[in-house]
Every structure is written in structure tokens, then in C-alpha cells.
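1. Predicted model, plus sequence, below.
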Number of protein chains: 2
Amino acid sequence: MSKADNTRDRLLEAARAAFWQRGYANVGLRDIAGAAGADVALISRYFGGKRGLFAATLDGAFHWPDLLAADDPAAVVVAKYTNPDLSAAHVSVIRMIAANIADPEVGDLVRAAQKLQFHDPMLAKLGGPDKAPQLALFISVMVGADLTREVIGLPGLADATVYARQLRHLLDAALAFPG
Amino acid sequence: MSKADNTRDRLLEAARAAFWQRGYANVGLRDIAGAAGADVALISRYFGGKRGLFAATLDGAFHWPDLLAADDPAAVVVAKYTNPDLSAAHVSVIRMIAANIADPEVGDLVRAAQKLQFHDPMLAKLGGPDKAPQLALFISVMVGADLTREVIGLPGLADATVYARQLRHLLDAALAFPG
DNA sequence: AAGCTTTGTCAACAACTGTTGAATAAACGA
DNA sequence: TCGTTTATTCAACAGTTGTTGACAAAGCTT
């Protein structure tokens, strides 16, 4: 790894933390550069600009091989969303979606990455286009539950052990949609 | 209504359209003033500033008397979310949540308004704090389904008649959570 | 060490941000 | 019509935004 890759990675990591937490429009390039201990001008050099930097934070953001390989997808989702380590460590992908999906500047990037990295592979796993309604419900539960719990903070989802059962309940219902 | 109230209302309506669609951070006061055909300075005078203007757009945003009075809440939600007129007319509340809930400047305003105007009255209607897990799931389905359909745009939720059944299916499951 | 590429620093840019106060115009009551 | 309150316009403010290009430092090859 060259020296440039080193500060490039620091910039990328700082950008991910900031963009995913506060949203694209609420983050200035000087915030990111300061957090990474680098100069602002390097962002334009390495990533071509703010938009390019954001796009780089989306590489592999929706990649979830364990889920694609699982016999019981709902169990994998429940296990990840109720893992206390991960939720504190880095901002959840769901929060990133919430913070950026409505942004006119980068919303389409998020949609495209989600479709390419997550939706389409999952659809293939579930058995093709016929399962699109079930998959859409499955995703809508993932988004709705995590967003309501982590970002909105509804008290009815606060208890972790109950939340695991709640999530399981709704994910099962999603996959069981008759069509 | 005095003349001041007239332009005040035009500013408020323009602000709602812009803030709810593109998010607080992506809207400049000159955008709003221009759309309302008024001067920028009037915003600070009438609403005390940008934040005050946004807060004003939240008055009654989550007010939903039909739902609070209904025997079958799920049916009311389905009817509203599949009404083709409304969805085109004004931006949905769900999109407003998505566009602003992660904003450090106004996210707390959105959370507070939701709790006061929607969550707490609904909890009382459902029978008190014991029903918090079911209500939280109900809300998470409303948020997840509408967000996934309207903002993310998943193809599996595109068909309106199927979507009505999908929504009904998940809302029923939410209220049927054993606890 | 000389030459060359890579990496980083610095200052400045034009555009835009929300907000303010003074000046102007309109509306209204006496 | 005068005087007063209300409504609106205008210009300017200090700060921040993303981006650029010139320059310097460091690393590496020959």
C-alpha cells in the first residue's frame, strides 16, 4: 500500500462516518479532511470531488454474502440487527439510506447501489422475478424496523430481546406473503 | 386574514413543498422566497429564521383524526397510501421523515412532532403502554413500506392493487404480534 | 547526486448561506 | 390629508461552500 493509499483510505473512512451519520448535505469537505488529518484539496485529487467521494463510500455498502448464502435469511438479519457490538461500532446502512435517499444530489447513487449490490442478487437467490413482492416486503421490513428503532427511536422497539422477536415476526410475515 | 398572513401562508406552503421533498439542508431560503414570490427577509421576520420556518411546516403534519377514530386502523392506512390523487398532490409525510430525520439541525423537531401528534395519541387509542410493541411495529411498517415504494422505488411494490394487499398483510401482522 | 514522479500544502476563487437593519411603500384610522 | 402602523424591498454583512492551480516536500530510479 502506497502512502497515497493510506491517506486516501483515511479520507474515505472519515467520509463514510460523516456522510452516513449526518447526510451528504450536512457534511463539508473540511470536516472530513480535518477528521482524517489531511488537506481538503486532496479530496478533489483522489476522488474527483465531493460527489465522487460519496460514491466511493458506497462501494460494497450493501454487500452481504452471509445473507445471500443463508438457508434462513430472516435469522441472519435478526442476528445482525440485534448485535450490540456492530450497532455501536459503525453507522448502520439503514441510517445511511435515510440520511441520503431523499437528497437530490446523491439519492440516485444510493438507489443504484442498493439495486446492484443487494436487491438483484437477493431476487436471484429467492428464485427470480416471481418473488419480487416478497423481497420488496422483506426489504421494507428491514428498512422500516431499523429506521424506526435506531433513527426515530420508538420506545416500543427499545428492548433488544423483544426486538429480536418483533423483527423475526415481521420478516416471516413478509416472506409468507401469498402474492 | 391580513395581507401579512397571506404572504406568510405562501411562504409556509412553499417551504413545506421544498423541505419535505428535498430536505432541510438542501433548501435555501432564497429558493422558498422565490417560489412564494416574496422577499427573503420576510422569512426571518415572520418565522424567526430558517429553523422556525421548518418547525412551522410541522404543525399538524402528523395529525390523522380518521385513523384515531377508526375501528380498523390498517384499512385507513391502506386507503390513504393507495389513493392515487393524494400521492401525486403533495409530498408524503414519510418522505418528509426520510429527508429530515437524520439532519442534526431538525431531526429532533421531527421526532418530537411525531411523538406528540401521532405516536402518543395512537398508543392511547390502542389501549395504553402495553400495546407499545404492536404500535411500534405498525409504525415501522407504515414507514418501511411507503419509503421503500415512494422513495427507493422497489419494483416489487409498484403495482397499486398488489401493494394494497401487501400493506394490509404486513399491517395485520404488526398488530397481531403476540408480545 | 540528478532527474522525475508522487504526495502534500497553501492561498485564493466565485458562489452561496442565513441574517440584519435601514429605507421605502402601502394600508389604515383620525 | 396627516400621521401612524404595518408590510415589503433592498443592500450589505460575515461566514461557509466546493474547487482550482501554483508551489514545496518527499520518495524513488537511474
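-> Done, it's in.
2. looking at chain A, which helix or strand is least sure?
-> One helix or strand of chain A scores below all others by mean pLDDT, DSSP states H and E: helix A:84-89, with a mean of 60.
3. Following element in sequence after that one, please.
-> helix A:93-100 (DSSP states H and E).
4. Does the helix or strand just after that next one reach DNA strand D?
-> Note on helix A:93-100: by DSSP H and E, the next helix or strand toward the C-terminus is helix A:107-114. No: Helix A:107-114 is not in contact with DNA strand D by Cβ under 7 Å from any atom of the strand; minimum separation 13.9 Å. In short, each C-beta sits where N, CA and C put it, glycine included.
5. Give the buried residues for helix A:107-114.
-> Under the neighbour-count criterion of 16 or more other Cβ atoms under 10 Å in any protein chain shown, helix A:107-114 has A:107, A:109-111, A:113-114 buried.
6. How about stretch A:22-37?
-> Neighbour-count burial for stretch A:22-37 flags A:22-27, A:29, A:32-33, A:35-36 (criterion: 16+ other Cβ under 10 Å).
7. okay, how far is it across that stretch, tip to tip?
-> In stretch A:22-37, first residue to last residue: 20 Å (Cα to Cα, to the nearest Å).
8. near chain B, anything from that stretch?
-> Yes: judged by Cβ under 8 Å from any Cβ of the partner chain, stretch A:22-37 comes into contact with chain B at A:22-23, A:25-26.
9. What's the mean pLDDT across that stretch?
-> Mean per-residue pLDDT for stretch A:22-37: 98.
10. Can you give the contact residues for it?
-> If you take Cβ atoms under 8 Å, 6 or more residues apart in numbering or on different chains as the criterion, stretch A:22-37 is touched by A:7, A:10-11, A:13-15, A:17-19, A:39-40, A:42-43, A:50, A:53-54, A:99-100, A:103, A:105-106, B:23, B:25-26, B:102-105.
11. what do you get if the cut-off is 6 Å, keeping everything else the same?
-> Residues from elsewhere that reach stretch A:22-37, judged by Cβ atoms under 6 Å, 6 or more residues apart in numbering or on different chains: A:10-11, A:14-15, A:18-19, A:39-40, A:43, A:50, A:54, A:99-100, A:103, A:106, B:25-26, B:102, B:104.
12. Please list which of the residues you listed also come close to DNA strand C.
-> Within the contacts of stretch A:22-37, those near DNA strand C by Cβ under 7 Å from any atom of the strand are A:39-40.
13. Buried ones among the contacts of stretch A:22-37?
-> A:10-11, A:14-15, A:18-19, A:43, A:50, A:54, A:99-100, A:103, A:106, B:25-26, B:102.
14. nearest spatial neighbour of the residue positioned nearest the centre of chain A, skipping sequence neighbours?
-> Centroid check for chain A by Cα atoms, centre = their mean gives A:V93 as the closest residue, at 1.8 Å. Closest residue in space to A:V93, ignoring its immediate chain neighbours: A:A61 at 5.9 Å, by Cβ to Cβ, 6 or more residues apart in numbering or on different chains.
15. how many neighbours does the one you found have?
-> A:A61 sits with 17 neighbouring residues when counted by other Cβ atoms under 10 Å in any protein chain shown.
16. How about the secondary structure of it?
-> What DSSP: H, G, I helix; E, B strand; the rest coil gives for A:A61 is coil.
17. Next, give phi and psi for it.
-> phi -60, psi -30 (degrees, to the nearest 10).
18. The one 4 residues further on now?
-> Dihedral pair for A:P65: phi -60, psi -40, per degrees, to the nearest 10.
19. from the residues of stretch A:22-37 next to chain B, which two are the most distant?
-> A:R22 and A:A25 (8.7 Å; Cβ to Cβ).
20. and A:A17, how far is that from DNA strand C?
-> For A:A17, the distance to DNA strand C (Cβ to the nearest atom of the strand, to the nearest Å) stands at 19 Å.
21. count of neighbours near that residue?
-> For A:A17, the count of nearby residues is 17 (other Cβ under 10 Å).
22. does it count as helix, strand or coil?
-> Following three-state DSSP, the label given to A:A17 is helix.
23. Would you mind measuring from it to A:W64?
-> Using Cβ to Cβ, to the nearest Å, A:A17 is found at 20 Å from A:W64.
24. Likewise for A:Y163?
-> Following Cβ to Cβ, the distance that separates A:Y163 from A:W64 is 20 Å.
25. repeat for A:A173
-> A:A173 sits 21 Å away from A:W64, going by Cβ to Cβ.
26. what about the two, which has more around it?
-> A:A173 (23 against 19).
27. Does the closest residue in space to A:D130 that isn't next to it in sequence belong to a helix, a strand or coil?
-> Spatial nearest neighbour of A:D130, excluding adjacent residues (Cβ to Cβ, 6+ apart): A:G179 at 7.9 Å. Put simply, A:G179 is coil when judged by three-state DSSP.
28. A:G179: neighbour count?
-> Neighbours of A:G179 (other Cβ under 10 Å): 10.
29. where does it land on pLDDT?
-> Confidence at A:G179, expressed as pLDDT, is 85.
30. Okay then, goodbye and thanks.
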